[in-house]
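**Student:** I'll drop the sequence and a predicted model, then ask my questions.
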Amino acid sequence: MRSRTIGSQWKRIAPVLSASCLTISLTGCTGTALQPPEQARAAAVELLLKTEAAVDVPWPETPEPSAEKCPGGVRFGYFVPVRTETDARSVAQTFQRLWKSEGLTVEPSQKDFGGDGAILYSATADADGAAGAAYRVNATSVVVRITSPCASGSVDDYDE
């Protein structure tokens, strides 16, 4: 009799457990649903292009992304360095304003290494389920890194 009770309880909760397992496998550990890789890459490229448009420096062509492991999937990173003389403080402030307007939480910092133009401005910017960003800017260079949201898949899917 006891086994029949357990069996009938199992029949009631098995669909719930199956649905829960599916949800966990799609969201990973973050609680945010993973995007398809193409959508995640598109979000990162969109943020990269907006970032580049905000500051007038000689940006190179959009590089190929690196594939990186993230909780439950893969994310795509774009690293864009530019050697150019610039007003580092102004560039940093422009990136911060842009990324905040995109709904990202920006955490800026600066380090003075002494001397004229020796201040390094940097920041990270992120939001759950969105592309993230970072910069390092000084008087002679601008470096931007944009990462996609975590996407379904594996880094192994993108090995060359």
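**Tutor:** Happy to help now that I have it. Numbering: from 1, shown residues only.
**Student:** Buried ones in stretch 104-124, by neighbour count?
**Tutor:** Using 16 or more other CB atoms under 10 Å as the test for burial, stretch 104-124 gives 104, 106, 119-124. Every C-beta, even on glycine, is put in place using the N, C-alpha and C of the backbone.
**Student:** quick one: average pLDDT of that stretch?
**Tutor:** Mean per-residue pLDDT for stretch 104-124: 91.
**Student:** List the contacts of it.
**Tutor:** Identification of contacts with stretch 104-124 by CB atoms under 8 Å, 6 or more residues apart in numbering yields 88-89, 91-92, 95-96, 99-100, 125-127, 130, 132-140.
**Student:** related to what we said a few turns ago, for the buried residues of stretch 104-124, work out which two are farthest apart.
**Tutor:** Largest separation among the buried residues of stretch 104-124 by CB to CB: 104 and 119, giving 22.8 Å.
**Student:** Alpha carbons of stretch 43-59, as CSV, please.
**Tutor:** In CSV, the C-alpha atoms belonging to stretch 43-59 read as follows (Å, rounded to 0.1, in the frame of the first residue of the first chain):
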residue,chain,number,x,y,z
ALA,A,43,23.6,42.7,-28.1
ALA,A,44,27.4,43.0,-27.6
VAL,A,45,28.0,44.4,-31.1
GLU,A,46,25.2,46.9,-30.6
LEU,A,47,26.8,48.2,-27.4
LEU,A,48,30.2,48.2,-29.0
LEU,A,49,29.0,50.3,-31.9
LYS,A,50,27.2,52.7,-29.7
THR,A,51,30.4,53.0,-27.5
GLU,A,52,32.5,53.7,-30.6
ALA,A,53,30.1,56.2,-31.9
ALA,A,54,30.2,58.2,-28.7
VAL,A,55,33.9,59.0,-28.9
ASP,A,56,35.8,60.4,-31.9
VAL,A,57,38.9,58.2,-32.0
PRO,A,58,40.3,56.1,-34.9
TRP,A,59,38.5,52.9,-34.0
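**Student:** Buried residues of that stretch, list them for me.
**Tutor:** In terms of neighbour count (16+ other CB under 10 Å), stretch 43-59 has its buried residues at 43-45, 47-48, 50-52, 55, 57, 59.
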